[in-house]
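**Q** Okay, sequence plus prediction incoming.
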Amino acid sequence: MTFEETKRTGTAEQLEELLSSDVYIDNLEFWERAWSGVKAPYTQLPDLAYLTRIPDTLKQRSVRSVLDLGCGTGWLSIYLAKHEFAVTGLDISRHAIKLGREWAEKEDLDIHFDVGDIADMPYPDGLFDAVVANSIFEHFPFEVARATLQKLKTVLIPGGTFIGCFDKVGGGPGEYFELQDKTHVYTDKARKGMLLRYYNDHDLGQIFSGWKVDIIDELDSGTRFIVAFS
């Protein structure tokens, strides 16, 4: 069965077929290629209006352990570790994780970095107090995002904290086709295999089903800053 033929039933069988599809595998491979040309982590923090709200919110919730989803070379992991959180960073790219480990070592920070697919997190139940996901879910189809958020509820402690930033993304440059759920699959050379999807308010309501959503703030850029509890 191809990815396009996969029906959005939300069943475990359908989700397994989706995750094993060529389109999804190509997306994972895109990120390794994208990071492979990076020789060193970019150590300057991004200019994000909501950045300081992340550690402030975590401290308000008395959070200690944090999982940084899609950490890349680790800028957010480094930032949170400097705010004295115990941080684990997870990313699909081995090269990005290698750079993150090197950066943490230079900063003398004790950060645990793992290579792995966010859709198949290798963590036991209740391991983390909080999860942060900065501009990550836009690169997943709807069903993968929904299933991943449900899985996050298990790796968090009861009542654990989720902080996510969902960007307002469009087609952008490049060639792509659309999946049934409106996810863009890029086919041009620069971004071949990358998935990109905009989550509107209705979509967010669906993927956060079962969560207690505390904050949804829309920023000037169109990014939604979300705080929710498991």
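**A** Thanks, I have it. Residues are numbered from 1 along each chain as shown.
**Q** Could you pull up the residues touching the most centrally placed residue in the chain?
**A** Central residue of the chain (CA atoms, centre = their mean): I136, 3.1 Å from the mean position. Residues in contact with I136, defined by CB atoms under 8 Å, 6 or more residues apart in numbering, are L69, G70, I118, G164. Every C-beta, even on glycine, is put in place using the N, C-alpha and C of the backbone.
**Q** hmm, 7 Å instead?
**A** Going by CB atoms under 7 Å, 6 or more residues apart in numbering, I136 touches L69, G70, I118.
**Q** And for A40, the neighbour number?
**A** 9 (other CB atoms under 10 Å).
**Q** and what of R64?
**A** 13.
**Q** Same check on D120?
**A** Applying other CB under 10 Å, I find that D120 has 10 neighbouring residues.
**Q** swap in I97?
**A** Neighbours of I97 (other CB under 10 Å): 22.
**Q** looking at this, it is in a helix?
**A** Yes. Per DSSP: H, G, I helix; E, B strand; the rest coil, I97 lies within a helix segment.
**Q** Tell me the spacing between the nearest residue to A147 once chain neighbours are set aside and I111.
**A** Closest residue to A147 apart from its sequence neighbours, by CB to CB, 6 or more residues apart in numbering: L15 at 5.4 Å. With distances taken as CB to CB, to the nearest Å, L15 is found 30 Å from I111.
**Q** Of these two, which one has the most company?
**A** Using other CB under 10 Å as the criterion, L15 and I111 rank with I111 on top: 22 against 18.
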